[in-house]
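1. with the sequence up front, the predicted model follows.
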There are 2 protein chains.
Amino acid sequence: MRDPQALLTSLRTLLGERHVVTQATDLEPLTRDWRGRYQGTALCAVYPADTEQVAATVLLVREHGGKIVPQGGNTGMCGGATPFSEEAVVLRLDRLNRVRQVSGLDNTMTVEAGCILADLQARAQEAGRLFPLSLGAEGSCQIGGNIATNAGGTAVLRYGPMRDMVLGLEVVLPDGSVMNDLKRLRKDNSGYAVRHLFIGAEGTLGIITAAVLKLFPQPQASATAMAGASHLDQALELLAAVRSRFGDRVGAYEVMSHSQMQLVLDHIPGCTLPFAEPHPWYVLIEAEDSFAAMDLASILEDCLADALERGLVSDAVIPKSEAQREALWRLRHSVSEANKVAGISVSYDTVVPLDRLGDFAAETERGVRDAFPQARRLFVGHVGDGNLHAVIHFDHDAFPSRDAFETAARRINEIVDSATLACDGSISAEHGIGLSNRKRLANSIDPARYRLMTQIKALLDPDHMMNPGKVLVFEDPQ
Amino acid sequence: MRDPQALLTSLRTLLGERHVVTQATDLEPLTRDWRGRYQGTALCAVYPADTEQVAATVLLVREHGGKIVPQGGNTGMCGGATPFSEEAVVLRLDRLNRVRQVSGLDNTMTVEAGCILADLQARAQEAGRLFPLSLGAEGSCQIGGNIATNAGGTAVLRYGPMRDMVLGLEVVLPDGSVMNDLKRLRKDNSGYAVRHLFIGAEGTLGIITAAVLKLFPQPQASATAMAGASHLDQALELLAAVRSRFGDRVGAYEVMSHSQMQLVLDHIPGCTLPFAEPHPWYVLIEAEDSFAAMDLASILEDCLADALERGLVSDAVIPKSEAQREALWRLRHSVSEANKVAGISVSYDTVVPLDRLGDFAAETERGVRDAFPQARRLFVGHVGDGNLHAVIHFDHDAFPSRDAFETAARRINEIVDSATLACDGSISAEHGIGLSNRKRLANSIDPARYRLMTQIKALLDPDHMMNPGKVLVFEDPQ
């Protein structure tokens, strides 16, 4: 960049003094990723007021030869929103936070990128509808980031990932033009579906400024249960049985290994095992329905009794109160905290076809045990989606240095990724690529598809101005 | 092309004599579109045996400077599969007709492009699953064509269009390379979702050779009703009422005007009105559930009784037998035949947001009545999706010549498209663009999106070798 000060001056003129941030104390949290793994750097952060200002900002930065890193709530898991250049302008969407329209008849909501996910859930509820995307960071993540990363979460099994909830997009392209594809239409065959390029592109192809989202009927009845099983394969057979009873009413099907459960029980106060004795695997099942009169609990009880008889499960509990239900979910939601308190870990976001899940877990277990006998092999995940997070966990003092840990992590990457590919899976189910997984992506996907991705990036953003160094490996891969 | 005979010789060597067709009698049906609106021309038609032969064919045609028109069942509505050049090789997928895998646990089916849709429905049923795509041509259309055109049909309201049922694709690109993205995964954030570019691109960006499709639980209970209403707005209020009762169990919500019903009653033997007297609008409702025990008929009856009381509908019938149910659906399915027998027509595939549907119908009605007082204004469509087909219908002898009719059709295009755009709609809900709608597309969508489409076409197919002249207007627009 020729003259950073000139760019700052122009940005201040365009957006107003207070919407261009350069103070180190203000910038610092925006240049560090949520997990605290990366500390980057940036020229400034800007807070445009609307789509027109976003477009004008892109033109200014382009003119001055700078870079742009779009950032939502900065809650991503892979460093995708972290800037790494003195030429980088962090473009925050906070001020684009209006709900432009809610249509009950169409079951749609037209929203701006900076809206907080939890606020949109509430807004849908006010309209008597459900916006189903739900994830840990929902109180601070922004919908633009959810779309840019094709977020997953706990409702994917029934409603699909973020991509499936987007009917239309407004995007500021790297050349500063605005693509308006905000149609509230359930069917639209007017040419190529270019909006899907931007969903999941993590801001490398343009800046999402608004979207039309689908709304759904609110669930009126639900039922929850936890079961213990001897083998992962039995948990998968149980999934088939639950599905044949409930059809598409299965809202969650979460699985965790006892090794994972033990860390939760040991480190999270107030967590207790809901069974008389431990089981190698636990399954958390939830079914839901938009008919209030539907007695899902009886059906679930019946289904589990049948599974006990067939030997698919060793024990099962159905909560008798909302407090009991919450206690079951607390076991699941305490996983990240327990693992952090108990030690250090390398964790994976693998997804494989369900009929390969047993192979994947066994292969990972075997490979890691051979290479790192001291490691705990924990498994937890949204197994209904085929998404099993392997967590390779060590005591805090297991490695003499950060470097030694990173070397081990690279070796574990090889073991897990090799098991993933052998099972026709993907290294990223829901967390995306960002900075962390660029090389793993390049080494794991179909070469023709990867080539097409690099060509599309070069077409839309030939100067690598948009979120440089993310998703694809073009230069300085780390 | 330098030497067509040399290309034919090479193709025969590659594929075998009998898989390269040049006889006029054999070629003729492949060079005419299903509606009989276009009679094109081609050098030959080829029938490769597998993906490798498709890729080798693309390389050969490229080497000789020819063109390729991929063709499935040739049942499209817009001339998208018709070849128009002496250099064109019609590439048929008929021999790529294997079901590679069915996974009950994953609820997926991996199929080749040439599989007939009805065969895939049957194959899913054998596995105790539903493949929901359903449309008039299902006995002869091929799944590759369904994907390439993002087919719609009668199950979109509950299951979405074809795009929503595709988890993975295998595509032969215009440079002859094969993109293998056939993962059986419900969640996959491994980079840009490039497969969505090919879904709905009508063969202009590459040749789809295989796909991973989603399967669903089979419906075990259903209920059907037909109601009469005074105004389209009431039919839309009824839709909201039906949805608030049934949630996502509404499988079909079809609407037709009395003007349309009258043509069916007048021209299709055995069709009778199921009401004592006519109503300006008719609604056909179907609800379905994967629970056999669900008494949907009672809920529907209750819902309609309430709607009668509120004055939303003037009358309603619930069939008492499968024969009665079929008679109701026959009225809906006889529309195309009745309109063809009764005269000539220009018909539209408009979709608008539901809260603009009344405006669209009124504006179209008014504009056409003023310009062509002698025209019948018929309306019929998948209104649950916002997809209302306007059919502007004339007596057989209404125009002195084909040219006079085409001139009138262009004027009607302007009226309908202007109403569509004023209501934030799209000119193509489900039929696509093909040859027929290229100019209407160029004139109706967001310019930045259109520019991006042309750039993507130029990136993937710089020589315009793949299905030239379709979807986009590059040269010789008609």
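-> All right, it came through fine. Computed from a predicted model, the values in this text were never measured in an experiment. Numbering: from 1, shown residues only, chains lettered A, B, ... in the order given.
2. taking the stretch 51-200 of chain A, what residue is nearest to chain B?
-> Using Cβ to the nearest Cβ, the point where the stretch 51-200 of chain A gets nearest to chain B is A:His196, with a distance of 3.5 Å. In short, each C-beta sits where N, CA and C put it, glycine included.
3. run a quick neighbour tally on the closest residue to that residue other than its chain neighbours.
-> Take A:His196 and drop its neighbours on the chain: the residue closest to it by Cβ to Cβ, 6 or more residues apart in numbering or on different chains is B:His196, 3.5 Å away. Neighbours of B:His196 under the rule other Cβ atoms under 10 Å in any protein chain shown: 21.
4. list the contacts of B:His196.
-> Applying Cβ atoms under 8 Å, 6 or more residues apart in numbering or on different chains to B:His196 gives the contacts A:193, A:196-197, B:163.
5. quick one, domains of chain A?
-> For chain A, automatic domain parsing gives the domain ranges A:4-92, A:99-217, A:221-335, A:343-422.
6. make TSV out of the ones you listed and add mean pLDDT.
-> What follows is these, written out as TSV (pLDDT from 0 to 100):
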stretch	mean pLDDT
domain A:4-92	96
domain A:99-217	97
domain A:221-335	95
domain A:343-422	96
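7. just say which of the ones you listed is most tucked in.
-> domain A:99-217 (a mean of 22; mean count of other Cβ atoms under 10 Å in any protein chain shown).
8. wasn't the residue nearest to A:His196 part of a helix?
-> Yes: assessed by DSSP: H, G, I helix; E, B strand; the rest coil, B:His196 belongs to a helix.
9. how about the residue nearest to A:Tyr192 when sequence neighbours are not counted, secondary structure?
-> Distances taken as Cβ to Cβ, 6+ apart put B:Met453 closest to A:Tyr192, at 4.8 Å, once the chain neighbours are dropped. When classified by three-state DSSP, B:Met453 comes out as helix.
10. want to throw the domains of chain A into a markdown table with distance to B:Leu182?
-> As requested, the domains of chain A are exported to a markdown table (distance: least, Cβ to Cβ, whole Å):
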| stretch | distance to B:Leu182 |
| --- | --- |
| domain A:4-92 | 25 |
| domain A:99-217 | 18 |
| domain A:221-335 | 22 |
| domain A:343-422 | 11 |
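11. so which residues of the stretch 301-450 of chain A form helices?
-> Along the stretch 301-450 of chain A, the segments classed as helices by DSSP state H, counting those that start in this stretch run A:322-333, A:335-342, A:357-371, A:402-422, A:438-444, A:447-460.
12. look up how far chain B lies from A:Pro219.
-> 9 Å (Cβ to the nearest Cβ, to the nearest Å).
13. give me the neighbour count for that residue.
-> A:Pro219 has 21 nearby residues by other Cβ under 10 Å.
14. what pLDDT does it get?
-> pLDDT for A:Pro219: 93.
15. how about the secondary structure of it?
-> Per three-state DSSP, A:Pro219 ends up coil.
16. is the closest residue in space to it that isn't next to it in sequence bridged to anything, and to what?
-> Excluding its sequence neighbours, the residue lying closest to A:Pro219 (Cβ to Cβ, 6+ apart) is A:Glu288, at 4.0 Å. Beta-bridge partners for A:Glu288, by DSSP bridges, are A:Ser222.
17. isn't A:Glu288 up against A:Ala221?
-> Yes: contact criterion Cβ atoms under 8 Å: A:Glu288 and A:Ala221 qualify, at 6.8 Å.
18. now do the shared contacts for these two.
-> Listed as contacting both A:Glu288 and A:Ala221 by Cβ under 8 Å, 6+ apart are A:Leu296.
19. quick one: the helix or strand hosting A:Ser244 to helix A:357-371, angle?
-> Assigned by DSSP states H and E, A:Ser244 belongs to helix A:232-246. With axes from the mean of the first three to the mean of the last three Cα atoms, to 10 degrees defining the directions, helix A:232-246 sits at 160 degrees from helix A:357-371.
20. helix or strand right after helix A:232-246?
-> Next along the chain after helix A:232-246, taking DSSP H and E as the criterion, comes strand A:250-257.
21. from the contact counts, what lies against that following strand?
-> Identification of packing neighbours for strand A:250-257 by 3 or more Cβ pairs under 8 Å, 6 or more residues apart in numbering or on different chains; DSSP states H and E yields helix A:156-159, helix A:232-246, strand A:281-289, helix A:322-333, strand A:376-382.
22. just the residues contacting the next helix or strand after the first one, thanks.
-> For helix A:156-159, the succeeding helix or strand toward the C-terminus, using DSSP H and E, is strand A:166-172. Among residues not part of strand A:166-172, those counted as contacts by Cβ under 8 Å, 6+ apart are A:51, A:54-55, A:58, A:108, A:110, A:147, A:178-186, A:195, A:198-199, A:206-214.
23. next helix or strand past strand A:166-172?
-> Using DSSP H and E, the next helix or strand after strand A:166-172 towards the C-terminus is strand A:178-181.
24. what about that next one and chain B, touching?
-> Yes: Strand A:178-181 reaches chain B (Cβ under 8 Å from any Cβ of the partner chain) through A:178-181.
25. which one of those residues sits closest to A:Arg35?
-> A:Met179 (31.9 Å; Cβ to Cβ).
26. ok, that closest one touching B:Asp446?
-> Yes: under the criterion of Cβ under 8 Å, A:Met179 makes contact with B:Asp446 at 6.2 Å.
27. can I assume A:Asp424 is in contact with A:Pro353?
-> Yes: A:Asp424 is within contact range of A:Pro353, at 6.0 Å (criterion: Cβ under 8 Å).
28. so what sits against both of the two?
-> B:183-184.
29. how about the residues of the stretch 201-350 of chain A by chain B?
-> Counting by Cβ under 8 Å from any Cβ, the stretch 201-350 of chain A sits next to chain B at A:201, A:205, A:216-217, A:236, A:239-240, A:243-244, A:246-249, A:289-291, A:349.
30. can you pull the residues of the stretch 1-150 of chain A lying near chain B?
-> Near chain B, when you scan the stretch 1-150 of chain A using Cβ under 8 Å from any Cβ, you find A:103-108, A:149-150.
31. out of these, flag the one nearest to A:Arg2.
-> A:Arg2 lies nearest to A:Thr149 out of the residues of the stretch 1-150 of chain A next to chain B, by Cβ to Cβ, at 32.8 Å.
32. go ahead and confirm that closest one touches A:Gly80.
-> Yes: counting by Cβ under 8 Å, A:Thr149 touches A:Gly80, with 6.6 Å between them.
33. who touches both of these two?
-> What both A:Thr149 and A:Gly80 touch, as defined by Cβ under 8 Å, 6+ apart, is the set A:202, A:432.
34. got the contact list for A:Leu459?
-> Contacts of A:Leu459 by Cβ under 8 Å, 6+ apart are B:455-456, B:459.
35. let's have those residues in TSV, adding pLDDT and distance to B:Leu7.
-> Shown next, in TSV, are the contacts of A:Leu459 (pLDDT from 0 to 100; distance: Cβ to Cβ, whole Å):
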residue	pLDDT	distance to B:Leu7
B:Gln455	97	30
B:Ile456	98	28
B:Leu459	98	26
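36. let me know the closest of the residues you listed to A:Cys141.
-> For the contacts of A:Leu459, the nearest to A:Cys141 is B:Ile456 (30.1 Å; Cβ to Cβ).
37. do I have it right that A:Leu14 meets A:Leu60?
-> Yes: between A:Leu14 and A:Leu60 a contact is recorded at 6.3 Å, counting by Cβ under 8 Å.
38. check the nearest residue to A:Asn413 once chain neighbours are set aside and give its pLDDT.
-> Using Cβ to Cβ, 6+ apart and skipping residues adjacent in sequence, the residue nearest A:Asn413 is A:Arg440, 6.4 Å away. Note for A:Arg440: predicted pLDDT of 95.
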